[in-house]
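Novice: sequence and predicted model, in that order:
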Amino acid sequence: MILIKADTIAEAWLKGCKHILGTPEWIDTTMILHIDKPSLVRHQDKHVAGKLDTFLAAHEQYSNHTVAETIFPGYEFVRRGVEGVYKTYPNETYPTIAKLPEVKKWGTYAHRILRRTDSAGKTYNPLAKCIEKMQDKSRKKAAYELGFGFGFDLATYDDDEDRAERMGLPCLSHLSFKLIREQVHLTAMYRSHYYIHRAYGNLLGLARLQAFVASQVPKAQPGWLVCHSTMGRLEYGFKGFPWSKADIRELIATCDYLMVTEETKAAT
């Protein structure tokens, strides 16, 4: 088990990679990233994110932004505001995405937290209901959890749809929001995490979701972001991961160098 504290997404991701790099078989269990300022993007963070995106593009993988969009439809929010998130994405954008052959379980997170059918067959928006609870000022303090099938808890695993599958299940399992002293904190639970081609984009999407929720609650601001992965690994050498151990070592070493040198440049 490892607890990694960091100020930003890039710093947390890089520290996580460096930790896994020192473990047997490049895999560890119970990895917890605690990010104090998930919305903050520093000069050095941009360079680290850019290097990772370049690496992913060179290996024909999805960018960090594309992965982030599977958790929160930031593009629709920027273009159309709340209506873009609540209506355009689930009603128009997602049906198109769902037709892609590679989209079965992965890539469905945003839709899962925006559309759900209850036992009576009625469709509702779990995220909107979660935010409505936060907007209720009659409550002094409370927990707001996004799950499926359990009231308004928001967990992305759906037993009705997912119980028969052995592979390709949602890695993001649960989202828990806390509204404390006008700060929206978010804890996300992952059953597993691939640090090279998913983790950074996942963290970016979670931060965008968190910022959106905070923007819908009067006077609220994003607080800390915690990502709890029951398994984290540096993946390589098999289907979907067309890079070698040497490639990973070079990537992490370069990102580590950029984090230090660009911080120094920004400070001078």
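Specialist: Sure, I can see it. Numbering: from 1, shown residues only.
Novice: tell me who's in contact with residue 244.
Specialist: When contacts are counted by CB atoms under 8 Å, 6 or more residues apart in numbering, residue 244 touches 236, 237. C-beta here means a position set from N, CA and C on the backbone, and glycine is covered the same way.
Novice: in the chain, which spans are helices?
Specialist: Taking DSSP state H as the test, the helices found in the chain are 9-21, 43-58, 64-69, 74-80, 82-83, 94-97, 109-114, 126-135, 159-162, 199-215, 245-267.
Novice: where does this structure dip in pLDDT?
Specialist: 102-106, 137-143, 147-170 (pLDDT under 70).
Novice: residue 144 versus the most centrally placed residue in it, what's the distance?
Specialist: Centroid check for the chain by CA atoms, centre = their mean gives residue 202 as the closest residue, at 2.9 Å. Going from residue 202 to residue 144 by CB to CB, to the nearest Å gives 20 Å.
Novice: mind putting the helices of the chain into TSV with distance to residue 178?
Specialist: Formatted as TSV, those follow (distance: least, CB to CB, whole Å):
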stretch	distance to residue 178
helix 9-21	19
helix 43-58	25
helix 64-69	22
helix 74-80	22
helix 82-83	22
helix 94-97	28
helix 109-114	17
helix 126-135	10
helix 159-162	25
helix 199-215	11
helix 245-267	29
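Novice: might you report the residue contacts of the residue lying closest to residue 115 once chain neighbours are set aside?
Specialist: Distance criterion CB to CB, 6 or more residues apart in numbering; nearest residue to residue 115, sequence neighbours excluded, is residue 90 at 4.9 Å. Contacts for residue 90 (CB under 8 Å, 6+ apart) come out as 111, 114, 115.
Novice: CSV for those, including neighbour count and distance to residue 227?
Specialist: Formatted as CSV, those follow (neighbours: other CB atoms under 10 Å; distance: CB to CB, whole Å):
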residue, neighbour count, distance to residue 227
111, 20, 21
114, 21, 21
115, 17, 24
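Novice: got those residues as a markdown table, with distance to residue 68 columns?
Specialist: Formatted as a markdown table, the contacts of residue 90 follow (distance: CB to CB, whole Å):
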| residue | distance to residue 68 |
| --- | --- |
| 111 | 15 |
| 114 | 15 |
| 115 | 19 |
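Novice: residue 107: neighbouring residues, count only.
Specialist: By other CB atoms under 10 Å, the residues close to residue 107 number 20.
Novice: where's it relative to residue 37, distance?
Specialist: 28 Å.
Novice: next: residue 67.
Specialist: In terms of CB to CB, residue 67 sits 21 Å off from residue 37.
Novice: who has more neighbours out of those two?
Specialist: residue 67 (23 against 17).
Novice: which ones are touching the more buried one?
Specialist: Applying CB under 8 Å, 6+ apart to residue 67 gives the contacts 197, 198, 200, 201, 202, 204, 205.
Novice: pretty sure the fourth one sits against residue 65.
Specialist: By that I understand residue 201. Yes. Counting by CB atoms under 8 Å, residue 201 touches residue 65, with 7.2 Å between them.
Novice: quick one: which of the contacts of residue 90 is nearest residue 215?
Specialist: Nearest to residue 215 among the contacts of residue 90, counting by CB to CB, is residue 114 at 16.1 Å.
Novice: which residues does the closest one contact?
Specialist: By CB under 8 Å, 6+ apart, the contact set of residue 114 is 85, 86, 89, 90, 125, 126, 127, 128.
Novice: ok, now with 10 Å
Specialist: Taking CB atoms under 10 Å, 6 or more residues apart in numbering, we find residue 114 in contact with 72-73, 85-87, 89-91, 94, 124-128.
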